[in-house]
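A.B. asks: below are the sequence and a predicted model for it; my questions follow.
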Protein chains: 6
Amino acid sequence: MKIVYVVPGPMDDQEAKRREGLLKEWAFETTHVEVRTVNQGPASIESAYEEYLSIPETAKLMISAENEGFNGAVLGCAGDPGLDAYRELTKDMVVMGPGVSSLHAAALRGNRFSVLTVTDSTVPSVYDLVDKAGLQSKFVSVRAVNIPVLDLAKDRDGTLKKLLEHGREVLKDGADSIVLGCMSMGFLEVAEDMEKELGVPVINPAKAALKLTESFAHIGYAHSKKAFHTPPKLESGKVNSLDELLFVK
Amino acid sequence: MKIVYVVPGPMDDQEAKRREGLLKEWAFETTHVEVRTVNQGPASIESAYEEYLSIPETAKLMISAENEGFNGAVLGCAGDPGLDAYRELTKDMVVMGPGVSSLHAAALRGNRFSVLTVTDSTVPSVYDLVDKAGLQSKFVSVRAVNIPVLDLAKDRDGTLKKLLEHGREVLKDGADSIVLGCMSMGFLEVAEDMEKELGVPVINPAKAALKLTESFAHIGYAHSKKAFHTPPKLESGKVNSLDELLFVK
Amino acid sequence: MKIVYVVPGPMDDQEAKRREGLLKEWAFETTHVEVRTVNQGPASIESAYEEYLSIPETAKLMISAENEGFNGAVLGCAGDPGLDAYRELTKDMVVMGPGVSSLHAAALRGNRFSVLTVTDSTVPSVYDLVDKAGLQSKFVSVRAVNIPVLDLAKDRDGTLKKLLEHGREVLKDGADSIVLGCMSMGFLEVAEDMEKELGVPVINPAKAALKLTESFAHIGYAHSKKAFHTPPKLESGKVNSLDELLFVK
Amino acid sequence: MKIVYVVPGPMDDQEAKRREGLLKEWAFETTHVEVRTVNQGPASIESAYEEYLSIPETAKLMISAENEGFNGAVLGCAGDPGLDAYRELTKDMVVMGPGVSSLHAAALRGNRFSVLTVTDSTVPSVYDLVDKAGLQSKFVSVRAVNIPVLDLAKDRDGTLKKLLEHGREVLKDGADSIVLGCMSMGFLEVAEDMEKELGVPVINPAKAALKLTESFAHIGYAHSKKAFHTPPKLESGKVNSLDELLFVK
Amino acid sequence: MKIVYVVPGPMDDQEAKRREGLLKEWAFETTHVEVRTVNQGPASIESAYEEYLSIPETAKLMISAENEGFNGAVLGCAGDPGLDAYRELTKDMVVMGPGVSSLHAAALRGNRFSVLTVTDSTVPSVYDLVDKAGLQSKFVSVRAVNIPVLDLAKDRDGTLKKLLEHGREVLKDGADSIVLGCMSMGFLEVAEDMEKELGVPVINPAKAALKLTESFAHIGYAHSKKAFHTPPKLESGKVNSLDELLFVK
Amino acid sequence: MKIVYVVPGPMDDQEAKRREGLLKEWAFETTHVEVRTVNQGPASIESAYEEYLSIPETAKLMISAENEGFNGAVLGCAGDPGLDAYRELTKDMVVMGPGVSSLHAAALRGNRFSVLTVTDSTVPSVYDLVDKAGLQSKFVSVRAVNIPVLDLAKDRDGTLKKLLEHGREVLKDGADSIVLGCMSMGFLEVAEDMEKELGVPVINPAKAALKLTESFAHIGYAHSKKAFHTPPKLESGKVNSLDELLFVK
């Protein structure tokens, strides 16, 4: 089984390799995991605009991956930008978003979850994800640690401390499980430390998305084409490629 | 008061002028309305992918419009693609999406509404819009007439007939108001005929969005920057323009 | 376009004139606005009972207004007392309630709103309004400043201070927009000061209702008669006037 | 224990006596039940306007009843018009509305209920009642038999036939219990026949409201004054009676 | 009318008698109330597991009670364990659970309620009850006093103090009514003291369930067999008794 | 990794072996799967009562499995009977219910799902599962094929035909994914045929639960002990075993 992890923004090779190493560690023994990064996109995603900016290039990577025979793809951003589009453009490859995956994982492990996100600017996207997952009745609260994405790894201890602080707050809000709302938090492997400290599940979005993708890909559980239709112009043959969908006057 | 209507895909000048004419007709006497179109984007929007494809160029138009002193902007697609991004990137200019605007207009005129959309492929985006509007408890049903966007105007009578047919169905579902889920339907001016025929409000998304934009712009009711934050990299001065947000490796 | 603003309780002429002045200021240049007051009704509305008390006389004013050719009517109380009845009794005149209008305006400007109301006794009516608007999923909290309606204007500074205090609290609750739940607050023009101070939209119900009424009236967007039926006895001709609906034994 | 049943519209003495007879039959042996009718009000209630019209006189009857020592009051209309007001104006007397009572009774007997109401014009008030009861998640559908209230008893067999017809429809909708949405239906005693015929609970609003009122009155379970505040002007002594709340210019 | 109160765990005779005494006090004069206890079951119920443990024996008691001619049965645990099963296994006897009954009683007395439960381990079952009652939109919060069930009566004053403390907290959360989530709290008769102290309704689950059972039993308002089907093997005659449903390999 | 599949009712060895064979086929290559069956319990589960009947013995099996070192357990009934109890009684072993798992799997593959269940008597448990999963907003409808569990396999073609028939109905209801609500349906492997025929995802609860259990067990994602507390009497040492929780008078 071949799984691709698609980073929807440019990333230096060393960090990409490091993430690939962790993904291999988390994967089932029989899974082949590979990290791919786009050549152009946002440096990090902290706004809706940057989410959208990441989509055109990532879409091409997703289509190539399916053509190359990957069985599943993990989208490398916890806001799930473009997830619906990638599902429209692919057929049988399982495409999973870590945002929605983490929320479902939390709902499967506990009864009521909260989300810790990076910055105030990403809070609205958490409400959107909860709506997309359909899990409004399991959602307790969202809090932002207000550390920019690109700074999260610079001071792992500081980041962990902040996360624990806000984690204790959401437990008071009534949560019995916590979701980390950013892939860079996932690859810091802080969820594991938090879980020990706080005594409740803390979902690492990178890990959760990988495992769900492996599971679904192993049994061919791709998405519903009735929920994610192939764009009609492509389906009807009016256009033949992604590029032709972009019309230049 | 100056309002810009931004078409998020290339459109021939004649049709753009025709739409501008209708907008002027619907506008308050003291409003200046202008239609702008992007130079590249999807020919029409019938999928999530095409929604996303429309955003980068439209964002630039929105920013220019604010810089030129427009008081309000109507996004020219009833799926509201990129609305949150445009609100992140602008400050005081009112930016309204016809999708969400129409749903609120329907909720203000009646108790329970249904949506008529173009194709099966756009049905999922209607569910998303209802979530974004927060109007789940007023929403009855969605039905697609399954006429491609670019064919809607080719046979106005045929389109109207189909809309009436599906309109009668949604009244049986329990709706007391109907929303048309496509701007090209709006500029066909079929809502007005349907209203007469069916005896219930039928919201023309183009008209509804224009009027709400005028209203809000006239009293300076722009969006909440706590709901639509300026992207942190722009706000903090790490980058100075939209273009710099797109990082090329 | 002619808009009537109907005060559903007796009001001294000077205050009525002052309010009319403000409404004219907020209106589109081409709108004619007029204030009308009932001759008997509650001195102010701080309970469900007073809401109901205001309805019989106000209904008569609404019907006259439609007969006189007004295109739209703004109900002058943010609890929207009798709104459904006035819509039952009128045909083509747009009748808008500031309560529901403000909630929709807040949902259009931000993602999640709170309401500041006058007294604890009006808190339950805010929950009712949220249900009527169908905006449960956008509603964060309600808080009462506990200043009687008739005292709000006596100490504008004190009122503003209290509103700012409670406004800061609802921002902590997670709101990104605020609705003022009383017309007398609206005509104090404190929303504008609060907006500057708090940095988020603060909806003035008087202004929001006026603008929505103008917008809808300008394009003939009256209410659904399938949602607000003409009382069957009137419709069938069993009785010929409002007065005959009241049967005296 | 003394229970008053308050008819919020004028009713001829014979029918009032007949209803009192049935109430006595349904009551616990130790309950004293009495029917009171207002002298002026709507002949029947088929619109929001008629609901409101019934309130001022009924309020006076409610207050007298409490002063006379009644332990509980059943409001005699299944739309519960003015229920919140009567609870504001009374202190320890249990005041119950048959609308909300019936919905709760249905939810206690089954899992998902539908409502059969009189005319299309009363359908919207059923949605309101469901919101007031907070039972949105148990509510399946509402259907109107479209027989005017005052005609229901003229042809009991015809009415029953229509109710059975619509009852079968709502069972297909998925309901496992049915609520009759009109007191005149209750006093026709058709619910009992329907229950036998359809094999599911059919709630008679008159009976359900009486029994809940008896139950609650017997243990002193009156309403929350934090939910139904005494009107502040009365509470603070600014006015001394209901009449003074109505201000005449 | 004969009502049985079924304790779903072994209880010493003295305490059973004491409870019977209180129930008689609360009952209508014409009601015969009897307490029955199972011979084996959990000592108290503070977990889902103990809930389930109580069911097989209690089911037998319920069936006997119906056969003996009881008109109604009150399940003696506020978590309502097995309520659906007892309704499946009985026909015409009213079977009521105090958990769901109390929530409906609270919703009938006020607008928004909170629940005070015994231990953190029973908090999740409160969320389940709210879902079962369908009253999510009326539910404010749940708090645990963290006194084991079997210790509640050992220090009535201490228990009351804790309940008042947490009661004040839930009023701050916005509740206007309070539900006690444990029958042993009910038989301590602390609700009555709390009501005086806090000024809002405090529902005693034992009392509320008894009164609703009496009411419904008096008019034959048993449960919907379309919601609580007789187990198909029993209905079809494939097995003839409860014991035969338990298959031993 | 060792996974146990626990059948909560007696099952003949041949069928148990057959199911084990299928589970091995579906499992990851490195997973050891074993089927265990209880010695006494219901022959099949078609009612809430039979659900409860299955719990005491199954609980013992779950505890043994954890003690033997199993990493994960799949509960072998799609109604998830006792899931919360098994999670209370275990510590680190992942325990998954196929009911809730399938609903989440459907929500991850599509936008809106329906459930096909065995008999009318199991329909109510589907509503409960949707509440437990918190997926009310993704749920479209439930339909019963009305074939007893023990007859499903007797005529595979007949069963498949019925499922396809009802499957087509739920697609008309608006579902874009389908969940089979019974493990015996899962082990018939009809979901796979249905998926081909209907063109939408059809979730096999046995497969979905296995894969989620493997995924979660592989990364140690057990349940929240704050959501599923160890029964206080066990935790505090007041009793030392499951058996002692059952008190015999």
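C.D. replies: Arrived safely, thanks for sending. In this text the structure is predicted, and so the values were computed from the model without any measurement.
A.B. asks: other residues contacting the lengthiest helix in chain A?
C.D. replies: Longest helix in chain A, counting residues (DSSP state H): helix A:156-173. For helix A:156-173, the surrounding residues in contact (Cβ atoms under 8 Å, 6 or more residues apart in numbering or on different chains) are A:114, A:116, A:140-141, A:143, A:145, A:147, A:152-153, A:178, A:180, A:185, A:188, A:190, A:193-194, A:197-198, A:200, A:202, F:226. C-beta coordinates here come from the backbone N, C-alpha and C atoms, glycine included.
A.B. asks: state the mean pLDDT of that helix.
C.D. replies: The average pLDDT for helix A:156-173 rounds to 97.
A.B. asks: likewise stretch A:33-47?
C.D. replies: On average, stretch A:33-47 scores 96.
A.B. asks: do stretch A:115-122 and chain C come into contact?
C.D. replies: No. Figure legend: stretch A:115-122 not in contact with chain C (Cβ under 8 Å from any Cβ of the partner chain); closest approach 10.1 Å.
A.B. asks: okay, buried residues for that stretch please.
C.D. replies: When burial is assessed from 16 or more other Cβ atoms under 10 Å in any protein chain shown, stretch A:115-122 yields the following buried residues: A:115, A:116, A:117, A:118, A:119, A:121, A:122.
A.B. asks: please apply the same query to stretch A:195-205.
C.D. replies: For stretch A:195-205, the neighbour count (16+ other Cβ under 10 Å) marks A:195, A:198, A:200, A:201, A:202, A:203, A:204, A:205 as buried.
A.B. asks: do stretch A:36-48 as well
C.D. replies: A:36, A:37, A:38, A:41, A:42, A:43, A:44, A:45, A:46, A:47, A:48.
A.B. asks: contacts with chain D among the residues you listed, please.
C.D. replies: Of the buried residues of stretch A:36-48, not one also sits near chain D (Cβ under 8 Å from any Cβ).
A.B. asks: quick one: which of those sit in strands?
C.D. replies: Secondary structure defined by DSSP state E assigns A:36, A:37, A:41, A:42 of these to strands.
A.B. asks: re earlier: need the buried residues of stretch A:195-205 in CSV with distance to residue F:233, pLDDT and secondary structure, can you?
C.D. replies: Conversion of the buried residues of stretch A:195-205 to CSV gives the following (distance: Cβ to Cβ, whole Å; pLDDT from 0 to 100; DSSP: H, G, I helix; E, B strand; the rest coil):
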residue, distance to residue F:233, pLDDT, secondary structure
A:195, 27, 97, helix
A:198, 25, 98, helix
A:200, 22, 98, coil
A:201, 25, 98, coil
A:202, 29, 98, strand
A:203, 31, 98, strand
A:204, 34, 98, coil
A:205, 37, 98, helix
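A.B. asks: pick the one among those residues closest to chain B.
C.D. replies: Lowest distance from chain B to these (Cβ to the nearest Cβ) belongs to residue A:205, with 20.0 Å.
A.B. asks: on that earlier part again, only the buried subset of the contacts of helix A:156-173, as a PyMOL command please.
C.D. replies: Filtering these down to the buried ones (16+ other Cβ under 10 Å) takes a single PyMOL command:
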select buried, (chain A and resi 114+116+140+141+143+145+147+152+178+180+185+188+190+194+198+200+202) or (chain F and resi 226)
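A.B. asks: keep only those of the contacts of helix A:156-173 that are in strands.
C.D. replies: A:114, A:116, A:140, A:141, A:143, A:178, A:180, A:202.
A.B. asks: which one of the residues you listed is nearest to chain E?
C.D. replies: Chain E has its nearest neighbour among the ones in strands among the contacts of helix A:156-173 in residue A:140, at 11.4 Å by Cβ to the nearest Cβ.
A.B. asks: verify the stated contact: the closest one with residue A:112.
C.D. replies: Yes. Assessed by Cβ atoms under 8 Å, residue A:140 is found in contact with residue A:112 at 5.0 Å.
A.B. asks: which neighbours do those two have in common?
C.D. replies: By Cβ under 8 Å, 6+ apart, the residues touching both residue A:140 and residue A:112 are A:174, A:175.
A.B. asks: okay, now residue A:81: neighbour count?
C.D. replies: Neighbours of residue A:81 under the rule other Cβ atoms under 10 Å in any protein chain shown: 27.
A.B. asks: near chain E, which residues of chain A?
C.D. replies: Neighbours of chain E within chain A, by Cβ under 8 Å from any Cβ: A:111, A:112, A:137, A:174.
A.B. asks: what pLDDT does residue A:70 get?
C.D. replies: In this model, residue A:70 carries a pLDDT of 98.
A.B. asks: what sits against it?
C.D. replies: The neighbourhood of residue A:70, defined by Cβ under 8 Å, 6+ apart, consists of A:2, A:3, A:4, A:34, A:93.
A.B. asks: just those now: which is nearest residue B:231?
C.D. replies: Taking Cβ to Cβ as the measure, residue B:231 lies nearest residue A:4 of the contacts of residue A:70, at 27.8 Å.
A.B. asks: how's chain A carved up into domains?
C.D. replies: A:2-97+A:208-245, A:99-206 (automatic domain parsing).
A.B. asks: out of those domains, flag the one nearest residue F:87.
C.D. replies: Using Cβ to Cβ, these put domain A:99-206 closest to residue F:87, at 9.4 Å.
A.B. asks: would you tell me whether stretch A:31-41 gets close to chain B?
C.D. replies: Yes. Counting by Cβ under 8 Å from any Cβ, chain B has neighbours in stretch A:31-41: A:37, A:39, A:40, A:41.
A.B. asks: report the two of those separated the most.
C.D. replies: Pairwise over the residues of stretch A:31-41 next to chain B, using Cβ to Cβ, the maximum falls at A:37 and A:40, 10.2 Å.
A.B. asks: which residues do those two both contact?
C.D. replies: Each of A:10, B:249 lies in contact with both residue A:37 and residue A:40 under the rule Cβ under 8 Å, 6+ apart.
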